[in-house]
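structure here, sequence nowhere to be found:
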Ligand code: SF4
């Protein structure tokens with residue numbers, strides 16, 4: 001056995017987690033359900049869901065026979081519901097294609113819905129003792145640091161390197177314990193923030209620790225420089241509230257109520273003054289609302305106008321309201337606009 005694995009296993013025997021419900025008994029079905037629940041989710045959160053799920057669906061047949069709604073109901077609150085739908089579909093396939101027995105081999109497991117390479121390896125190693133390496137988020141972090149692997153782990157080249165390092169280190173024996181030990185080391189010692197290197201069983205040859213690179217590895221996803229889109233919005237205040245209009249159903253913030261917006265300041269000013277000839281522009285320095293969308297940054301610049309009263313009102317057929325942030329209505333507002341109105345809103 002390589003020394004990485006032997007040190008890790010010795011540490012696991014003393015400090016690892018040995019009382020997780022899916023370890024007792026460690027059937028293939030229980031390991032499978034736990035692995036799916038543990039994707040993107042911490043063990044402490046998963047435990048009550050796992051126990052309730054097992055009470056209702058104690059085996060793969062019970063799960064396969066259940067209506068989809070009931071499976072989703074027991075998943076409620078765990079999030080990422082595609083996991084539950086795939087688990088249910090996979091249970092039906094296990095009944096139909098595999099005679100009710102979960103396959104023991106990674107490649108066969110990977111053909112089932114919702115089971116990727118690392119999950120398949122975790123099931124094969126923990127339930128069947130197969131010599132398979134896993135590479136979940138915790139393990140990626142441990143290996144990137146311990147082997148000093150630079151680059152963002154989401155990139156194909158770094159992924160390949162991590163898989164090969166993960167495979168080099170598996171012991172071949174005690175695979176269930178080794179797999180759990182890797183997960184435990186990442187979850188309890190080599191944590192994302194503040195890893196506890198003093199307690200780490202493999203610190204002696206950790207490349208990141210030796211090179212003072214622990215805080216830098218694994219490398220974050222490279223930032224994309226998003227384009228900035230500048231727009232102008234009008235805060236038209238009357239004693240009754242601030243004018244908000246409903247946005248078109250399609251596009252950003254579709255169907256929500258928001259400030260009137262235009263591409264140019266002059267265009268916005270002209271529209272407001274023709275709509276409310278009594279409006280007076282007030283002159284604080286231009287305020288801004290910033291918001292990041294997936295494909296651009298919005299730089300929304302604010303012009304303020306005051307009206308003596310809202311009597312000039314809202315035209316017939318216009319989808320608009322006078323919004324008072326002290327008496328908010330039950331309408332949908334974009335979060336950054338609502339925040340702005342609560343903080344700086346009814347100033348007139
Ligand atoms: S020494 Fe620190 S950084 Fe290196 S593997 Fe251990 S906990 Fe992680």
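That came through fine. Keep in mind it's a predicted model, so treat the numbers as computed, not measured.

would you map the strands across the stretch 201-348 of the chain?
228-238, 241-246, 257-258, 261-262, 280-292, 297-306, 320-323 (DSSP state E, counting those that start in this stretch).

return the set of buried residues in the longest helix along the chain.
When the chain is parsed with DSSP state H, its longest helix is helix 82-97. Of the residues in helix 82-97, 83, 84, 87, 88, 89, 90, 91, 94, 95 count as buried by neighbour count, 16 or more other C-beta atoms under 10 Å. For glycine as for every other residue, the C-beta is placed from the backbone atoms N, C-alpha and C.

likewise stretch 289-305?
Of the residues in stretch 289-305, those buried by neighbour count under the rule 16+ other C-beta under 10 Å are 289, 291, 298, 300, 302, 303, 304, 305.

same thing with stretch 220-239?
So stretch 220-239, judged by 16+ other C-beta under 10 Å, has buried residues 231, 232, 233, 234, 235, 236, 237, 238.

rewinding a little: taking the buried residues of stretch 289-305 together, which two end up most distant?
The two members of the buried residues of stretch 289-305 with the most space between them (C-beta to C-beta) are 291 and 305, at 22.3 Å.

avg pLDDT for the helix or strand residue 125 falls within?
Under the criterion of DSSP states H and E, residue 125 resides in helix 117-128. Average pLDDT, helix 117-128: 96.

identify the residues contacting that helix?
Outside helix 117-128, the residues that touch it by C-beta atoms under 8 Å, 6 or more residues apart in numbering are 26-28, 31-32, 35-36, 39, 102, 104-107, 109-110, 115, 130-136, 139, 175-176, 178-180.

centre of the chain to that helix, how far?
Offset of helix 117-128 from its chain centre (C-alpha atoms, centre = their mean, to the nearest Å): 23 Å.

next: stretch 215-229.
Centroid separation for stretch 215-229 versus its chain: 16 Å, with C-alpha atoms, centre = their mean.

quickly check: it near the ligand or not.
No - Stretch 215-229 is not in contact with the ligand by C-beta under 6 Å from any ligand atom; minimum separation 7.7 Å.

what comes into contact with that stretch?
With C-beta under 8 Å, 6+ apart as the test, stretch 215-229 has contacts from 140-141, 144-145, 148-154, 208, 292-293, 295-299.

run the last query once more with 6 Å
Outside stretch 215-229, the residues that touch it by C-beta atoms under 6 Å, 6 or more residues apart in numbering are 141, 144, 145, 151, 152, 153, 208, 296, 297, 298, 299.

now do stretch 53-65, average pLDDT.
96.

scratch that, stretch 157-164 is what I was asking about
When pLDDT is averaged over stretch 157-164, the result is 96.

where are the low-confidence patches of the protein?
For the chain, applying pLDDT under 70 flags the ranges 1, 310-313, 316-317, 328-329, 345-348.

how about the residues of it by the ligand?
Residues of the chain that fall close to the ligand, judged by C-beta under 6 Å from any ligand atom: 142, 145-146, 189-190, 195, 197, 200, 202-203, 206, 208-209, 214.

next up, the contacts around the residue in the stretch 201-348 of the chain that the ligand sits nearest to.
For the stretch 201-348 of the chain, the residue closest to the ligand is residue 206, as judged by C-beta to the nearest ligand atom, at 3.2 Å. Residue 206 makes contact with residue 146, according to C-beta under 6 Å, 6+ apart.

do the same with residue 53
Contacts of residue 53 (C-beta under 6 Å, 6+ apart): residue 74.

and it, that one's in a helix?
Yes - counting by DSSP: H, G, I helix; E, B strand; the rest coil, residue 53 is found in a helix.

ok, now how distant is it from the ligand?
In this view, residue 53 and the ligand are 32 Å apart by C-beta to the nearest ligand atom, to the nearest Å.

are any of the contacts of helix 117-128 buried, and if so which?
Members of those classed as buried by 16+ other C-beta under 10 Å are 28, 31-32, 35-36, 39, 102, 106, 109-110, 115, 130, 132-136, 139, 175-176, 178-180.

out of the residues you listed, which are inside helices?
Those of the buried ones among the contacts of helix 117-128 lying in helices (DSSP H): 28, 31-32, 35-36, 106, 109, 139, 175-176, 178-180.

circling back: now, which of the buried residues of helix 82-97 sits nearest residue 266?
Of all the buried residues of helix 82-97, residue 83 has the smallest distance to residue 266: 51.7 Å, by C-beta to C-beta.

please verify my assumption that the closest one contacts residue 38.
No - under the criterion of C-beta atoms under 6 Å, residue 83 makes no contact with residue 38, lying 10.1 Å away.

and residue 259, what are its phi and psi?
When read as degrees, to the nearest 10, the backbone of residue 259 gives phi -70, psi 150.
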